[in-house]
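J.: coordinates only, sequence not included:
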Ligand code: BGC
């Protein structure tokens, strides 16, 4: 970066570049560590990758049926109705989105689940589905779940800033069922519970059998894939032969080179020491990483002298959405609310925003490469990656940088990996999981 000739500033920017670099060798090292953690997780040994069994199998694409879905993400709640046509298509009859009030993230368990039941209730009323007939409801839940069947799962721990007490270790299906009953909705049958990455993969592979990886790149990040059940050593006893979706929970991968900004950010979170990869990749944290760098550079007199940067003074004042605007703006400093910045400083602000986002995309690309090469070491076949999430959808250059990482790692064979956006993948996919039902049955309670 050649912002101006100030040697202190040049030195600062050059260390930043090194701190956020993910070279091809770094990515190769990361993949080897990822595989080791996957192996340990599948064996039920201590690992930063928990490799959670989901009891969801691979759809054939010929299943028919319909289901309501309730999707609790990190930022929104969606309620909808999906119909599978038996030919790989899912029709979304209706989807209602409610922005999750921030207060709910730390409310009581009853308040949270009453809020969710309220969203379902309103949907049924507004869509004229309020006939008290029994309805199937698929529950998409965007947090780690220890499942013992398709119909139950205990929250392992909250992520993405949620701290609602009394839910960790509890069966979230039972909590939802109780809240629906409080609304007089006992007639609703919860037909499946699925993590959002799992739903996205199920939706992707209902449409296309070549789809074998589901990825979320939004407020949080995660992935899942089809694993042969005999390799899921943590499931003992009577688990049917075949494949099951395994939820990698890659956001918690921690064998990473963390820089001082990562450490600073981690220390400020509710779950310090956890979700280390997520804190480098996902939309909840990208803005904050960039903000920490900008504020420190300004405090050291290296940037924004004479400018008013009060707008980025407070934690989380800078969101990933703002970052996305800044990287393609003619006035990047203005785009993040900084007033009176010199044009050269604006260029540095944009460069910092890009630096943080490019690292995120390259790490996401390396993580995708790790999961694909776990099942297909030499990339002997094509792979379709079903992806949902705002970063992938909207952040300028994000998917191109992921792709570039894959090219550096796999050369021309990277062309065999296709990214496919699955909009509303988690809710729609949970409905797919509900209609498909447990494919790898017989193992309930065996993991
Ligand atoms: C959660 C995952 C989830 C991901 C994407 C992470 O914080 O741990 O379970 O799939 O966010 O929403």
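T.: Now that the structure is in, tell me what you want to look at. Being a predicted model, the structure only gives us computed values, none of them experimental.
J.: can you count the residues close to residue 198?
T.: Using other CB atoms under 10 Å, residue 198 has 33 neighbouring residues. In short, each C-beta sits where N, CA and C put it, glycine included.
J.: now do the contacts for it.
T.: Residue 198 sits next to 54, 56, 214, 224, 245, 247, 429, 430, 433 when contact means CB atoms under 8 Å, 6 or more residues apart in numbering.
J.: gap between the first one and residue 342?
T.: With distances defined as CB to CB, to the nearest Å, the gap from residue 54 to residue 342 amounts to 52 Å.
J.: and the helix of greatest length in the chain, average pLDDT?
T.: Ranked by residue count and defined by DSSP state H, the top helix of the chain is helix 343-375. Helix 343-375 shows a mean pLDDT of 97.
J.: and residue 54 and residue 342? Which one has more around it.
T.: Using other CB under 10 Å, the more surrounded residue of residue 54 and residue 342 is residue 54, with 28 against 16.
J.: I'd like the distance between that one and the ligand.
T.: To the ligand, residue 54 is 11 Å away according to CB to the nearest ligand atom, to the nearest Å.
J.: ok, residue 175 next?
T.: Distance, residue 175 to the ligand, by CB to the nearest ligand atom: 17 Å.
J.: now the helix or strand that contains that residue, how far from the chain's geometric center?
T.: Following DSSP states H and E, one finds residue 175 within helix 172-182. A distance of 25 Å separates the centroid of the chain from that of helix 172-182, by CA atoms, centre = their mean, to the nearest Å.
J.: what does stretch 182-197 give?
T.: Its chain's C-alpha centre and that of stretch 182-197 lie 22 Å apart, by CA atoms, centre = their mean.
J.: also stretch 214-234?
T.: The answer for stretch 214-234 is 11 Å, by CA atoms, centre = their mean.
J.: adjust the sequence numbering to begin at 92 for everything that follows.
T.: Done: numbering now begins at 92, and the last item shifts to stretch 305-325.
J.: model confidence over that stretch, on average?
T.: Averaged across stretch 305-325, pLDDT comes to 95.
J.: the stretch 142-291 of the chain against the ligand: which residues are in contact?
T.: Within the stretch 142-291 of the chain, the positions near the ligand by CB under 6 Å from any ligand atom are 165, 233, 234, 235, 250, 251, 286, 287, 288.
J.: I'd like to know which of the residues you listed are part of helices.
T.: Checking those against DSSP H, those in helices are 287, 288.
J.: can you pick the most crowded of the residues of the stretch 142-291 of the chain next to the ligand?
T.: Neighbour tally across those (other CB under 10 Å): the maximum, 34 neighbours, falls on residue 288.
J.: who's in contact with that residue?
T.: Counting by CB under 8 Å, 6+ apart, residue 288 touches 305, 306, 307, 313, 314, 315, 338, 339, 517.
J.: same thing with residue 152?
T.: Going by CB under 8 Å, 6+ apart, residue 152 touches 178, 179, 296, 297, 298, 299, 300.
J.: tell me the secondary structure at the closest residue to the last one other than its chain neighbours.
T.: Distances taken as CB to CB, 6 or more residues apart in numbering place residue 152 nearest to residue 300, at 6.5 Å, with adjacent residues excluded. At residue 152 the chain is in coil, as set by DSSP: H, G, I helix; E, B strand; the rest coil.
J.: ditto for the one 10 residues further on
T.: With three-state DSSP as the basis, residue 162 sits in strand.
J.: count of neighbours near the closest residue to the ligand within the stretch 192-341 of the chain?
T.: Closest to the ligand within the stretch 192-341 of the chain is residue 311: 2.3 Å, counting by CB to the nearest ligand atom. Neighbour count of residue 311, defined by other CB under 10 Å: 26.
J.: pretty sure it contacts residue 365?
T.: No - look at residue 311 against residue 365 with CB atoms under 8 Å: they stay out of range, at 12.0 Å.
J.: joint contacts of these two?
T.: Counting by CB under 8 Å, 6+ apart, the shared contacts of residue 311 and residue 365 are residue 250.
J.: now the buried members of the contacts of residue 288.
T.: Neighbour counting with 16 or more other CB atoms under 10 Å marks 305, 306, 307, 313, 314, 315, 338, 339, 517 as buried within the contacts of residue 288.
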